[in-house]
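Asker: Turn this into a model:
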Amino acid sequence: MNHKLLYYLFFASLLAAGCNQFQEFEDITTVDYQAEYAVPIVNTTLSLEDILTKLDDRTTLVVDPDGLIRLQYSGEVLRQTSADVFANINETIASVPLIPIASKHQPLPFSSPDGLQMDRLDLKAGSFYYTAQNEHPFSIQFSISSEQVTRNGIPLKLTGTIAPYGGTGTKPVLTNLFSPLLLNGYQIIPQNDTVYIDYEALDPLGNPVDLSAVVIRIQDLDFYYVEGYLGNQIYEGGRDTIFIDFFDQWTQGDVYFAEPRITLNIENSFGIPTRSIFEVFNVFTVHNEVLPIESTFIDQGIDFPYPTLAEKGQIKEGQFVFTKDNSNIDQVLGAGPIAVDYEVNALTNPDQLTNIRGFITDDSYYNVRIDVDLPLYGQARDFLARDTFALDFSTFQKVTAAEFKLVTENGLPLSVDIQGYFMDENGQTLDSLLQQQERVVAAAPVNQDGVVTESTKEIKFIDIDEARFEQLRSAKELLIVASFSTVNEGRVPVKVLNNQSTDIRLGAILKVSDQ
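Answerer: Predicted coordinates:
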């Protein structure tokens, strides 16, 4: 509801029983009464599409090919990037700050208790540290390497000489603690979820010896690409609320949308089987209710489309539409919705099928957006809205009385009942516009499909005599209360189409005094 609609209602409200001195407005050009003036005020055509385009930026107006008008409300995009996934992998690899190398061919596990199994890692960043201590009285030629960690096909290997130990004091060490090997550009290919670290220690004659203290440390890893079975993990997507402004001016009454939809829109470039988890999915209503949206698809989750290993670099898109056939949204969105609150998280590898190998790149992401679609197809019964308008009769000092005539030709399947109240600067009611709430626009008849078959015409009059006009001079506001119903008092579902409109012609005879 917006002011343009309520201005329309205001014009529609200038009516009531009384004189019928007017002819059709086409004839209202002059009048034979001295000090009376015939004034055409409004001659316009309004469609509901015109009115609804003035709703705020939260609302998108869509017209179907058959002309049916839809109100669409979209939430913010809930986005998850590869950063959190890579952080989990880094945490797994670097879970032990210092790794003692107790054998010359030692395995480093590249798996985790939650099932992370990696087949390939392309490194964007990271640091590799090592320290080797010599307890022998001779120098040592030392090397540490891994055949499974390569750069441009060349395995990682670091070498150096460790000084002999003199028997007392601190034992000599070889370390790169202050100049670690930077791992950007390296690729790791585990074997059976394992990477082997090898070290070699040779005496001056080239004979292998053992060292009692060799340690390594891997930290600050970042990745271009990871491939494998990447675990069964929940990743938080965030929470959002969609506000629905259709009911902003609502007071009472019911509106039922016959075929509402809520669409889950998904964009995904994670190459991993992923399933939605709805932590929150509720509708807030004008009755201060919080109603859960219910569906077996919410309980079971909705699978995201995802690229396979053969589709690296592709973005998969998909939609899932909640309708009245697979959920209860016709009930919850028929209860006067003012907001939809939702939180959607993602569960990777929901079926824990380790034979399905996936991938993630450094620019992988998924987006989830929820759209609410309210087609103007349904029923309304005593849908009451109200708004106030500022008045100032000080510019009409010479006007002592008025008579208004309103002619409407309605092609919309909506009837409108009106009452108005003139109020002073203290909010006290001075007078009502009508003796009682009155129908000013009759709903056009519809066929079995809810489509209007012909227009209806209404003619209304209202007199404001001299005494009443004088009483209203101190009015500062007009409160308009409008009640909407579809045809047959809201018992028949109707469709509002973009080619349906209401013609409004409003004129007045003003009595003017020079006193």
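Asker: buried sites along stretch 74-90?
Answerer: 74-75, 78, 80-82, 85-86, 88-90 (16 or more other Cβ atoms under 10 Å). From N, CA and C alone the C-beta is placed, and that goes for glycine too.
Asker: which ones are touching the residue nearest in space to the middle of the chain?
Answerer: A centroid search over the chain (Cα atoms, centre = their mean) returns Gly75, at 1.1 Å, as the residue closest to the centre. For Gly75, the contact set (Cβ atoms under 8 Å, 6 or more residues apart in numbering) comprises 240-242, 340, 342, 369-371.
Asker: Hmm, Ala444 is touching Ser455, no?
Answerer: Yes. Checked against Cβ atoms under 8 Å, the pair Ala444 and Ser455 is within contact range at 5.6 Å.
Asker: neighbour-wise, which of those two wins?
Answerer: Neighbours were counted for Ala444 and for Ser455 using other Cβ atoms under 10 Å; Ala444 has more, 22 against 17.
Asker: who's in contact with the residue nearest to the more buried one when sequence neighbours are not counted?
Answerer: Among residues not flanking Ala444 along the chain, Val452 sits closest, at 4.4 Å (Cβ to Cβ, 6 or more residues apart in numbering). Counting by Cβ under 8 Å, 6+ apart, Val452 makes contact with 411-413, 444-446, 494, 497, 500.
Asker: let's go with 6 Å and repeat that
Answerer: The contact partners of Val452, taken as Cβ atoms under 6 Å, 6 or more residues apart in numbering, are 411, 413, 444, 446, 500.
Asker: Which residue ranges make up the domains of this protein?
Answerer: As given by automatic domain parsing, the domain ranges for the chain are 3-58+379-512, 70-82+232-375, 101-230.
Asker: quick one, helices of the stretch 351-500 of the chain?
Answerer: All helices of the stretch 351-500 of the chain, identified by DSSP state H, counting those that start in this stretch, fall at 466-471, 487-490.
Asker: Return the member of these having the minimum mean pLDDT.
Answerer: Lowest mean pLDDT within those: helix 487-490, at a mean of 58.
Asker: on that earlier part again, just the buried subset of the contacts of Gly75, please.
Answerer: Buried among the contacts of Gly75 (16+ other Cβ under 10 Å): 240, 242, 340, 342, 369-371.
Asker: Can you tell me what sits against stretch 430-444?
Answerer: Contacts of stretch 430-444 (Cβ under 6 Å, 6+ apart): 12-13, 15-16, 408, 410-411, 413-422, 424, 452, 455-456, 458, 460, 475, 487.
Asker: Flag the shaky bits of the stretch 251-400 of the chain, pLDDT-wise.
Answerer: Within the stretch 251-400 of the chain, the stretches with pLDDT under 70 are 251-256, 335, 377-387, 393-396.
Asker: mind redoing it with 80?
Answerer: 251-258, 334-336, 376-400 (pLDDT under 80).
Asker: Same check on the stretch 1-150 of the chain?
Answerer: 1-71, 77, 84-97, 109-116.
Asker: Check which helices and strands the helix or strand containing Asp198 is in contact with.
Answerer: Counting by DSSP states H and E, the element that carries Asp198 is strand 194-202. In terms of contacts (3 or more Cβ pairs under 6 Å, 6 or more residues apart in numbering; DSSP states H and E), strand 194-202 is packed against strand 105-109, strand 140-151.
Asker: Just checking: what are the partner strands of the first one?
Answerer: Here strand 105-109 is paired, per DSSP bridges, with strand 194-202 (antiparallel).
Asker: and the partner strand, C-alpha only, in PDB?
Answerer: What follows is strand 194-202, C-alpha atoms only, in PDB (Å, rounded to 0.1, in the frame of the first residue of the first chain):
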ATOM      1  CA  THR A 194      50.300 -40.100   3.100                       C
ATOM      2  CA  VAL A 195      53.200 -37.900   2.300                       C
ATOM      3  CA  TYR A 196      56.700 -39.200   3.100                       C
ATOM      4  CA  ILE A 197      59.500 -37.100   4.400                       C
ATOM      5  CA  ASP A 198      63.100 -38.500   3.900                       C
ATOM      6  CA  TYR A 199      66.300 -37.400   5.500                       C
ATOM      7  CA  GLU A 200      69.800 -38.500   4.800                       C
ATOM      8  CA  ALA A 201      72.800 -38.000   7.100                       C
ATOM      9  CA  LEU A 202      76.300 -39.000   5.900                       C
END
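Asker: From the chain's centroid, how far away is that strand?
Answerer: Remark: strand 194-202 is offset 53 Å from the chain centroid, using Cα atoms, centre = their mean, to the nearest Å.
Asker: buried set for that strand?
Answerer: Buried-residue list, strand 194-202, by 16+ other Cβ under 10 Å: 195-201.
Asker: circling back: any residues in contact with both of Ala444 and Ser455?
Answerer: Common neighbours of Ala444 and Ser455, using Cβ under 6 Å, 6+ apart, are 410-411.
Asker: What segments of the stretch 401-515 of the chain are strands?
Answerer: Secondary structure of the stretch 401-515 of the chain (DSSP state E, counting those that start in this stretch): strands at 414-423, 429-432, 438-441, 456-464, 477-486, 494-495, 501-512.
Asker: looking at those strands, which is closest to Ile188?
Answerer: With Cβ to Cβ as the measure, strand 494-495 is the member of the strands of the stretch 401-515 of the chain nearest Ile188 (61.1 Å).
Asker: The closest one pairs with which strands, parallel or anti?
Answerer: Partners of strand 494-495 in its sheet, by DSSP bridges: strand 377-390 (antiparallel).
Asker: Counting only strands, which of the contacts of Gly75 make the cut?
Answerer: 240-242, 340, 342, 369-371 (DSSP state E).
Asker: Relative to Lys398, which of the residues you listed is nearest.
Answerer: Using Cβ to Cβ, Ile242 is the member of these that sits closest to Lys398, with 52.0 Å.
Asker: Touching, that closest one and Tyr73? I think so.
Answerer: Yes. Shown here, Ile242 and Tyr73 form a contact pair, counting by Cβ atoms under 6 Å, at 5.0 Å.
Asker: any shared contact partners between these two?
Answerer: Counting by Cβ under 6 Å, 6+ apart, the contacts common to Ile242 and Tyr73 are Val372.
Asker: So the residue of the chain positioned farthest from its centre: helix, strand or coil?
Answerer: Centroid-distance maximum for the chain: Leu205 at 71.8 Å, with Cα atoms, centre = their mean. Classification of Leu205 by DSSP: H, G, I helix; E, B strand; the rest coil places it in coil.
Asker: residues touching Leu478, list them.
Answerer: Per Cβ under 6 Å, 6+ apart, neighbours of Leu478: 389, 391, 420, 422.
Asker: Neighbour count and distance to Phe322 for these - can I get that in a markdown table?
Answerer: Formatted as a markdown table, these follow (neighbours: other Cβ atoms under 10 Å; distance: Cβ to Cβ, whole Å):
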| residue | neighbour count | distance to Phe322 |
| --- | --- | --- |
| Phe389 | 13 | 39 |
| Leu391 | 16 | 46 |
| Gly420 | 21 | 41 |
| Phe422 | 21 | 46 |
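Asker: Among those residues, which one lies nearest to Pro107?
Answerer: For the contacts of Leu478, the nearest to Pro107 is Phe389 (80.0 Å; Cβ to Cβ).
Asker: Next up, the contacts around that closest one.
Answerer: Leu478.
Asker: Relative to Thr408, how far out is it?
Answerer: 20 Å (Cβ to Cβ, to the nearest Å).
Asker: Same check on Ser127?
Answerer: Distance from Ser127 to Thr408, by Cβ to Cβ: 78 Å.
Asker: One more: Leu158?
Answerer: Taken as Cβ to Cβ, the span from Leu158 to Thr408 is 89 Å.
Asker: Who has more neighbours out of these two?
Answerer: Shown here are Leu158 and Thr408; by other Cβ under 10 Å, Thr408 has more neighbours (24 against 15).
Asker: Report the beta-bridge partners for that one.
Answerer: With DSSP bridges as the rule, Thr408 is bridged to Glu458, Ile504.
Asker: Sweet, I'm off.
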